[in-house]
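> no sequence for this one, just the structure:
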């Protein structure tokens with residue numbers, strides 16, 4: 001079993017590395033214009049919306065049909081609503097804490113809140129993905145090892161890794177838009193993927209138990225991402241776009257299309 005845990009660790013280190021590569025996209029944007037920054041924010045929104053369904057809700061329903069005693073639609077809906085409520089509650093707690101500290105005021109207040117929610121939602125999204133890779137390799141150590149099963153686990157890791165590239169950019173580029181330096185934007189972007197190796201090892205060790213809760217974790221992350229995309233990112237990217245009202249919207253469409261293409265192609 002230990003060798004399969006080690007394989008899960010290496011696989012999820014690889015998925016984290018691809019997240020870091022996506023975050024490195026911010027290096028190529030020195031001082032982009034406001035409209036291009038809005039385009040980037042729209043792209044991030046599209047990526048998050050597509051990932052919420054193709055990477056999270058659809059797999060959650062499939063896994064619930066196999067492993068859950070409850071109806072799959074009930075599992076997915078429950079997890080989704082809990083994820084959205086968690087992000088809403090987190091935002092309220094962050095806002096309350098800042099007001100108590102009385103250290104930030106005005107628009108800076110809103111900016112910090114938006115950044116925290118963005119990083120938290122992407123990080124939550126990476127946890128069940130890491131668990132999924134860990135489970136795929138952990139199952140191999142429970143008497144299910146075949147060359148085909150091993151290739152299937154590798155395919156899961158490769159698919160999730162490639163999906164992580166636009167997700168890394170979905171964190172670092174909006175941070176750059178908010179005025180963060182390229183170095184700090186990259187660091188925070190790649191840090192959102194560091195939870196995957198941890199979750200991967202946990203998934204491989206606890207494969208039987210994680211298989212049961214994974215549908216809830218996947219749909220929970222989807223609810224969190226949808227709330228952030230719809231409540232924070234999309235309204236923000238549409239500001240100051242009177243002259244080109246569809247410019248940022250095309251970013252949303254492009255982000256959704258890229259993420260959907262990767263998810264469906266790598267299935």
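Thanks, I have the structure now. All values derive from a computational prediction rather than experimental measurement.

> So what's the residue count around residue 153?
Burial of residue 153 is recorded as 23 neighbouring residues (other CB atoms under 10 Å). Where you see a C-beta, it was placed from the backbone N, CA and C, and this is true even at glycine.

> Identify the residue spatially nearest to residue 53, adjacent ones excluded.
Excluding its sequence neighbours, the residue lying closest to residue 53 (CB to CB, 6 or more residues apart in numbering) is residue 222, at 7.1 Å.

> and the one you found, what does it touch?
If a contact means CB atoms under 8 Å, 6 or more residues apart in numbering, then residue 222 has 52-53, 56-57, 60, 79-80, 83, 125 as its contacts.

> now with 7 Å?
For residue 222, the residues meeting the contact criterion (CB atoms under 7 Å, 6 or more residues apart in numbering) are 52, 56-57, 80, 83.

> where's the dip in pLDDT among these?
Between the contacts of residue 222, the one the model trusts least by pLDDT is residue 56, at 79.

> low-confidence ranges in the stretch 151-267 of the chain?
For the stretch 151-267 of the chain, residues meeting the criterion pLDDT under 70 lie at 152, 159, 163, 208-209, 240-241, 266-267.

> show me where it has strands.
Taking DSSP state E, counting those that start in this stretch as the criterion, the stretch 151-267 of the chain contains no strands.

> the helices in it, which residues?
For the stretch 151-267 of the chain, the helices identified by DSSP state H, counting those that start in this stretch occupy 182-191, 195-205, 207-228, 234-237, 247-266, in order along the chain.

> So for the longest one, what gets flagged as buried?
By neighbour count, with 16 or more other CB atoms under 10 Å as the criterion, the buried positions of helix 207-228 are 207, 210-211, 213-228.

> and what of the shortest one?
Taking 16+ other CB under 10 Å as the basis for neighbour counts, the residues of helix 234-237 that come out buried are 234, 236-237.

> TSV for those, including distance to residue 185?
Converted to TSV, the buried residues of helix 234-237 look like this (distance: CB to CB, whole Å):
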residue	distance to residue 185
234	20
236	16
237	16
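
> Quick one: mean pLDDT for stretch 24-43?
So the average pLDDT for stretch 24-43 ends up being 74.

> how about that stretch: buried residues?
The neighbour-count criterion (16+ other CB under 10 Å) identifies 24-26, 29, 32, 35, 37-43 as the buried residues of stretch 24-43.

> re earlier: got CSV for the helices of the stretch 151-267 of the chain, with distance to residue 47 too?
CSV is the format used below for the helices of the stretch 151-267 of the chain (distance: least, CB to CB, whole Å):
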stretch, distance to residue 47
helix 182-191, 12
helix 195-205, 17
helix 207-228, 9
helix 234-237, 12
helix 247-266, 4
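
> so who does residue 115 touch?
Residues touching residue 115, when contacts are defined by CB under 7 Å, 6+ apart, comprise 175, 178.

> where does it fall, helix, sheet strand or coil?
With DSSP: H, G, I helix; E, B strand; the rest coil as the basis, the three-state label of residue 115 is helix.

> Next one: it, what pLDDT does it get?
Residue-level confidence at residue 115 comes out at 74, pLDDT.
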